[in-house]
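Trainee: Need a 3D model of the sequence below.
(2 chains)
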Number of protein chains: 2
Amino acid sequence: MSRQKRVIMAVIIFGSFIYIVLTQAVHILGGAPGEPVHPEIRKFCSSASRKNVNIEYEDTNLPVIYVVTPTYRRPEMVAELTRLGQTLTMVKRIHWIVAEDSHTCSPPITSLLDRLGLSYTHLASPMPEVYRREKYVPRGVSNRRAALQWVQENGEDTGVLYFLDDDNAIDIRLFNEMRSTQTVSMWPVGLIGEYTVSSPVVKGNQVVGFYDGWPAGRKFQVDMAGFAVNIGYLKKQKKVTMPYIAGHEEDGFLKSLNLNLKDIEVKADGCTDILVWHTRTAKNPSRTLRLAHHQATNIKPLTDNMRKMGMIK
Amino acid sequence: MSRQKRVIMAVIIFGSFIYIVLTQAVHILGGAPGEPVHPEIRKFCSSASRKNVNIEYEDTNLPVIYVVTPTYRRPEMVAELTRLGQTLTMVKRIHWIVAEDSHTCSPPITSLLDRLGLSYTHLASPMPEVYRREKYVPRGVSNRRAALQWVQENGEDTGVLYFLDDDNAIDIRLFNEMRSTQTVSMWPVGLIGEYTVSSPVVKGNQVVGFYDGWPAGRKFQVDMAGFAVNIGYLKKQKKVTMPYIAGHEEDGFLKSLNLNLKDIEVKADGCTDILVWHTRTAKNPSRTLRLAHHQATNIKPLTDNMRKMGMIK
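Mentor: Next up, the predicted model:
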């Protein structure tokens, strides 16, 4: 081996060693796997409280349900949030936290939130760029983490936290089921994976395991829409987190709550009813439209509105 | 040519002639293209009237909106109809016609309709088998035709007819827009085809054409969710129909109403707002589950419920 080759070899070996030492140091300093190394960017946009549509819904003895909905700009966004938001106005004592994966809040969502008359919080928290390059992107983590922080700082101790995606379908009777949650409550979610359902396995009103087509070494094999958490219980935990690991967001979050199977409260008639479905809305391409021939008709302002809604580029 | 060959040739030519004469006769007797030759099977299952959730919604001076939703048994059916039905309970003076593409009405849909407290009609009308074999199947025609017949026989003349699919998303302000319809009213529908929208082109509050990515020789280039029809106007037309021709259902129906562009009422702020979206829900496979190990837990009754809902086989 020539002297030159030996020098190159030495540089490669030494470089690899330094890389390993540095990444380990970052892990030790940065915390557990899935924790962000750099600070996350969070933007609080607006909120309203006790502004419900219907005065009869203001029974202040009822615990508030904090519904967290992560979302992102795409052609279906306004449609989805309109549909879900309207549903939430039918439920008593809801506080809706809409958390966008974005640097700024989208104006049509602000308008929607104001119009619906719900109690709400509007946040923006973009996914750190490093995760967008991963093979399995952990979507909706940064914005859910921002919502979690808001709930820990502002939520009423008697209240309940619930994650509900913008394209899911929910039977509003589920909110009555979850409102009394003292630690963590669970129920089946329909239209999930290989079994068309994800559900706790219940024996004698105790959760003894999970019926889920994708175990993946998870302690809690559940979907994000399959559980609710009491806010007082949440606040008592030392290090509540949600990891940036695709497919392990729920498991990582529930593990950080120091939860045991025996503490889980069983809902939805002993986990035999389906009251929420993981429906998914088909995606549409984000288009640029050419409108040279339509400057003098309604089509110009119509497409301008669509652009504001994020439906076209 | 041998005598035998000549006989075969003569039989083929004569047979073709007879076939042409017979099919022409069927067309003349059976009506226009797309009209069914054999009678359609219709089953009226149940109905309820003036049974609204909220008494303030019973302003009997308001025209009734007859919302027609065609549906069929699949894993997402109960989820979709729960989501849409809940939305409809927020609207005054709605009569929901749920028309299944089936020989019988599905019991979980009957339960849903009873629980929601809406005024409703529940029908079943299966697609004739002959159309299931076509390359482009005209889905949802048989059941929409059954609903049309019901509306013609039972609808109030001041009322309005609106077709709304079970997976579409609607801003409930659109119902206020359509309620005053005197002939046929129209507005844009989002998330459609090549332009991400289908809309009338409006000049000086008059419809002068259509902005739609799929002209297909249609006079009325609109989506099913893009128009409403006054019931009195509908009843005055001689032969109201909807053809069994995929992609031409709306056009055929509107043509049968003897409608002219100049008669169309423009809604949604001069057709510049999007208040309804042709969202589509991703399909799930219809599975058979093996449950040998789950006879003693909640999973048995849970999957029994899912089977009743049509979520699994």
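
Trainee: Name the nearest residue to A:N298, sequence neighbours excluded.
Mentor: B:V202 (4.2 Å; Cβ to Cβ, 6 or more residues apart in numbering or on different chains). Glycine gets a C-beta too; all of them are placed from N, C-alpha and C.

Trainee: Dig out what the one you found forms beta bridges with.
Mentor: B:V207 (DSSP bridges).

Trainee: Would you enumerate the residues in contact with A:F210?
Mentor: Neighbouring residues of A:F210 by Cβ atoms under 8 Å, 6 or more residues apart in numbering or on different chains: A:S198, A:S199, A:P200, A:V201, A:F220, A:Q221, A:V222.

Trainee: show me which of the residues you listed neighbour chain B.
Mentor: The residues of the contacts of A:F210 that also fall near chain B, by Cβ under 8 Å from any Cβ of the partner chain, are A:S199, A:P200, A:V201.

Trainee: mind giving me a markdown table with these and columns for pLDDT and neighbour count?
Mentor: Listed next are those as a markdown table, based on pLDDT from 0 to 100; neighbours: other Cβ atoms under 10 Å in any protein chain shown:
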| residue | pLDDT | neighbour count |
| --- | --- | --- |
| A:S199 | 98 | 30 |
| A:P200 | 98 | 30 |
| A:V201 | 98 | 21 |
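
Trainee: how about the helices in the stretch 51-200 of chain A?
Mentor: A:77-88, A:107-116, A:129-132, A:141-154, A:173-178 (DSSP state H, counting those that start in this stretch).

Trainee: Identify, out of those helices, the most deeply packed stretch.
Mentor: Of all the helices of the stretch 51-200 of chain A, helix A:77-88 has the most neighbours on average by mean count of other Cβ atoms under 10 Å in any protein chain shown, namely a mean of 23.

Trainee: circling back to that earlier point, out of the ones next to chain B among the contacts of A:F210, which comes closest to B:A216?
Mentor: Proximity of the ones next to chain B among the contacts of A:F210 to B:A216 (Cβ to Cβ) peaks at A:S199, which lies at 45.4 Å.

Trainee: Just to check, the closest one is in contact with B:I299?
Mentor: Yes - counting by Cβ atoms under 8 Å, B:I299 is a contact partner of A:S199 at 6.8 Å.

Trainee: which neighbours do those two share?
Mentor: The contact sets of A:S199 and B:I299 overlap at A:Y211 (Cβ under 8 Å, 6+ apart).

Trainee: Could you find the closest non-adjacent residue to A:K239?
Mentor: Nearest residue to A:K239 in three dimensions, chain neighbours excluded: A:S256, at 6.1 Å (Cβ to Cβ, 6+ apart).

Trainee: That neighbour against A:E249, yeah?
Mentor: No - the criterion here is Cβ under 8 Å, and A:S256 misses it with A:E249 at 11.0 Å.

Trainee: More neighbours: which of those two?
Mentor: Set A:S256 next to A:E249 and count neighbours by other Cβ atoms under 10 Å in any protein chain shown: A:E249 wins out with 21 against 17.

Trainee: Okay, strands next: where are they in chain A?
Mentor: Residue ranges of the strands in chain A, as given by DSSP state E, are A:43-48, A:65-71, A:94-100, A:119-124, A:160-163, A:169-170, A:184-186, A:189-190, A:197-203, A:206-211, A:227-230, A:264-266, A:276-277.

Trainee: For stretch A:96-103, buried residues please.
Mentor: Within stretch A:96-103, the residues that count as buried by 16 or more other Cβ atoms under 10 Å in any protein chain shown are A:W96, A:I97, A:V98, A:A99, A:E100, A:D101, A:S102.

Trainee: Using JSON lines, lay out those together with distance to B:E76 and pLDDT.
Mentor: Shown next, in JSON lines, are these (distance: Cβ to Cβ, whole Å; pLDDT from 0 to 100):
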{"residue": "A:W96", "distance to B:E76": "24", "pLDDT": "98"}
{"residue": "A:I97", "distance to B:E76": "27", "pLDDT": "98"}
{"residue": "A:V98", "distance to B:E76": "25", "pLDDT": "98"}
{"residue": "A:A99", "distance to B:E76": "26", "pLDDT": "97"}
{"residue": "A:E100", "distance to B:E76": "27", "pLDDT": "97"}
{"residue": "A:D101", "distance to B:E76": "26", "pLDDT": "96"}
{"residue": "A:S102", "distance to B:E76": "29", "pLDDT": "95"}
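
Trainee: got a markdown table for the residues you listed, with distance to chain B too?
Mentor: Conversion of the buried residues of stretch A:96-103 to a markdown table gives the following (distance: Cβ to the nearest Cβ, whole Å):
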| residue | distance to chain B |
| --- | --- |
| A:W96 | 16 |
| A:I97 | 21 |
| A:V98 | 16 |
| A:A99 | 20 |
| A:E100 | 19 |
| A:D101 | 20 |
| A:S102 | 20 |
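
Trainee: Quantify the burial of A:G247 by counting its neighbouring residues.
Mentor: A:G247 has 12 neighbouring residues, counting by other Cβ under 10 Å.

Trainee: gap between the closest residue to it other than its chain neighbours and chain B?
Mentor: With Cβ to Cβ, 6+ apart as the criterion, A:G247 has its nearest non-adjacent residue at 6.1 Å, and that residue is A:A216. Distance of A:A216 to chain B, computed by Cβ to the nearest Cβ, to the nearest Å: 19 Å.

Trainee: I'd like to know how far A:A216 sits from A:Q295.
Mentor: Computed as Cβ to Cβ, to the nearest Å, the A:A216 to A:Q295 distance reads 54 Å.

Trainee: which residues touch the closest residue in space to A:V240 that isn't next to it in sequence?
Mentor: With Cβ to Cβ, 6+ apart as the criterion, A:V240 has its nearest non-adjacent residue at 5.3 Å, and that residue is A:S256. The contact partners of A:S256, by Cβ under 8 Å, 6+ apart, come to A:Q237, A:K239, A:V240, A:T241, A:M242.

Trainee: Closest to chain B out of these?
Mentor: Nearest to chain B among the contacts of A:S256, counting by Cβ to the nearest Cβ, is A:M242 at 24.8 Å.

Trainee: My read is that the closest one contacts A:K255, right?
Mentor: No - assessed by Cβ under 8 Å, A:M242 is found out of contact with A:K255, at 10.3 Å.

Trainee: Can you pick out the residue with more neighbours from the two?
Mentor: Between A:M242 and A:K255, A:M242 has the larger neighbour count (other Cβ under 10 Å), namely 25 against 16.

Trainee: can you pull the contacts of that one?
Mentor: Going by Cβ under 8 Å, 6+ apart, A:M242 touches A:V141, A:R144, A:R145, A:L148, A:E249, A:G252, A:F253, A:S256.

Trainee: Give me the pLDDT for A:T60.
Mentor: Note for A:T60: predicted pLDDT of 76.

Trainee: re the thing from before, now do the residue nearest to A:G247 against B:W96, distance only.
Mentor: From A:A216 to B:W96 the distance is 41 Å (Cβ to Cβ).

Trainee: For A:T104, which non-adjacent residue is spatially closest?
Mentor: In space, and not counting its chain neighbours, A:T104 is closest to A:A124: 5.6 Å by Cβ to Cβ, 6+ apart.

Trainee: do the same with A:V222
Mentor: Closest residue in space to A:V222, ignoring its immediate chain neighbours: A:E250 at 5.3 Å, by Cβ to Cβ, 6+ apart.

Trainee: Tell me the spacing between the one you found and chain B.
Mentor: Noted for A:E250: a distance of 19 Å to chain B, by Cβ to the nearest Cβ.

Trainee: Let me know how buried that residue is, in neighbour terms.
Mentor: Using other Cβ under 10 Å, A:E250 is surrounded by 20 other residues.

Trainee: Fine, thanks again, bye for now.
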